[in-house]
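**Student:** Okay, sequence plus prediction incoming.
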Amino acid sequence: MTFPLKNLILATLFSVSYSQFSLAAPPKDLAYPQGKTSANEIADQVYFVNHFYSVKNIAFVRDGKGHVTTLILRKKDKRPRVVAFRRYLNNAYEDGPVKSRDLGLFHSGKLEGVRLLLTDYSDDSKEQTYQIWLPSLRKVRKVNEPEHDEAWRDSEFTYGDIYLRKPRHETHELLGEETFTDCLGSMALNAEEQKNNRLIKNIPRRQCDHRGKNIYKLKSTTKYSNWWYDHRISYVDKETFADYRIDFFKDGKQVKRIDKDWTPMIDEVMDIFQDSRAIFWRYWYGKNYLTGNETMINTWPEVVRWNQQYEEDLWSEDRVFQQQ
């Protein structure tokens, strides 16, 4: 598995659209399954959870204590690179062409000052659009949907992993039900690495709280030919449909792992919706077994907000780019 080592500008401005499949994604009002759950239903539920459809909006903000979400990139035997960012996702669009909008504001590293506005459409045959403010050019670029296998922010996550992969892009098989027995992985940073960058002090260690949970073991085989993986196996919580672990395989060998530490949204969301799928992640950790490279996205529960009252134009093009 080889990902192009491109920065955000190259990854978006010069990527080619990958629209071989234009099938519908699970709806935002997907019902919680009743009775025995099929492999396809599990895949739909996992998609629902990862897009935070249980809530109208969710934000990863920055608080007065310096807590902020960070993207940590580390090539094998190299020092980590760190990017801080805020994220505002709006799922509250109803009966119109827009399905959701996702706003990213970057605060450090080579992406300092970059703003990214992603628009997903109700018509699943229509590609997502990406609008990017590039400080170095002082211009807004509107670009097409990236390829599914394009590296996201030069990380070990692809655009497919983050945004684009839909359940209909794979065939799904339920391998069984079992108990999750492992700890989730995490990036091991030494004291010097953490001392030299305040943004990565006290990042989470291996998360073991999910041991003992009942999970589905789901095998998903790609429909793309000559793809970077043949199939992946997801370990999915039977109650919340959180995908704690995803292992990717090519030619019988494991090539990548993604671990996600999910936690419930504890407040009125659970009371109003009675929806165990109302969860958010505290971190993603990915490792490429072919290169040894690692990526981690880490946030703090204190900076995660959901179902907030935001001005309607927060995600408008004029508002996002007017101050640049």
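**Tutor:** Nice, thanks for sending it over. Numbering: from 1, shown residues only.
**Student:** pull the longest strand from this protein.
**Tutor:** strand 253-264 (DSSP state E).
**Student:** so what does it touch, helix or strand wise?
**Tutor:** Applying 3 or more C-beta pairs under 8 Å, 6 or more residues apart in numbering; DSSP states H and E, one finds that strand 253-264 contacts strand 243-250, strand 279-288. Glycine gets a C-beta too; all of them are placed from N, C-alpha and C.
**Student:** quick check: mean pLDDT across stretch 292-301?
**Tutor:** Average pLDDT, stretch 292-301: 95.
**Student:** Next: stretch 100-119.
**Tutor:** 90.
**Student:** helix or strand right after the worst-scoring helix or strand of the chain on mean pLDDT?
**Tutor:** The helix or strand of the chain with the poorest confidence is helix 8-13; it has a mean of 38 (mean pLDDT, DSSP states H and E). Counting by DSSP states H and E, the next helix or strand C-terminal to helix 8-13 is helix 39-50.
**Student:** check contacts around residue 75.
**Tutor:** Residue 75 makes contacts with 291, 293, as judged by C-beta atoms under 8 Å, 6 or more residues apart in numbering.
**Student:** now do 7 Å
**Tutor:** For residue 75, the contacting residues are residue 293, by C-beta atoms under 7 Å, 6 or more residues apart in numbering.
**Student:** mind listing the strands for the stretch 151-300 of the chain?
**Tutor:** 170-179, 214-222, 231-237, 243-250, 253-264, 279-288, 294-298 (DSSP state E, counting those that start in this stretch).
**Student:** ok, residue 302 touching residue 69?
**Tutor:** No - using C-beta atoms under 7 Å, residue 302 makes no contact with residue 69, being 11.2 Å away.
**Student:** Looking at the two, which has the bigger crowd around it?
**Tutor:** Taking other C-beta atoms under 10 Å, residue 302 and residue 69 do not tie; residue 69 has more neighbours (22 against 10).
**Student:** which ones are touching the more buried one?
**Tutor:** 60, 85, 86, 87, 297, 298, 299, 303.
**Student:** Redo those residues as TSV? Include neighbour count.
**Tutor:** As requested, the contacts of residue 69 are exported to TSV (neighbours: other C-beta atoms under 10 Å):
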residue	neighbour count
60	20
85	23
86	16
87	18
297	24
298	23
299	22
303	16
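**Student:** which stretch of helix or strand covers residue 105?
**Tutor:** strand 98-106.
**Student:** That strand - contacts with which helices or strands?
**Tutor:** Applying 3 or more C-beta pairs under 7 Å, 6 or more residues apart in numbering; DSSP states H and E, one finds that strand 98-106 contacts strand 81-90, strand 115-121.
**Student:** and the angle from the shortest one to strand 81-90?
**Tutor:** Using axes from the mean of the first three to the mean of the last three C-alpha atoms, to 10 degrees, the interaxial angle of strand 115-121 with respect to strand 81-90 works out to 40 degrees.
**Student:** these two touch, right, residue 113 and residue 137?
**Tutor:** No - checked against C-beta under 7 Å, the pair residue 113 and residue 137 is beyond contact range at 11.1 Å.
**Student:** Looking at these two now, which is surrounded by more residues?
**Tutor:** The neighbour count for residue 113 versus residue 137, taken as other C-beta under 10 Å, is higher for residue 113 (14 against 10).
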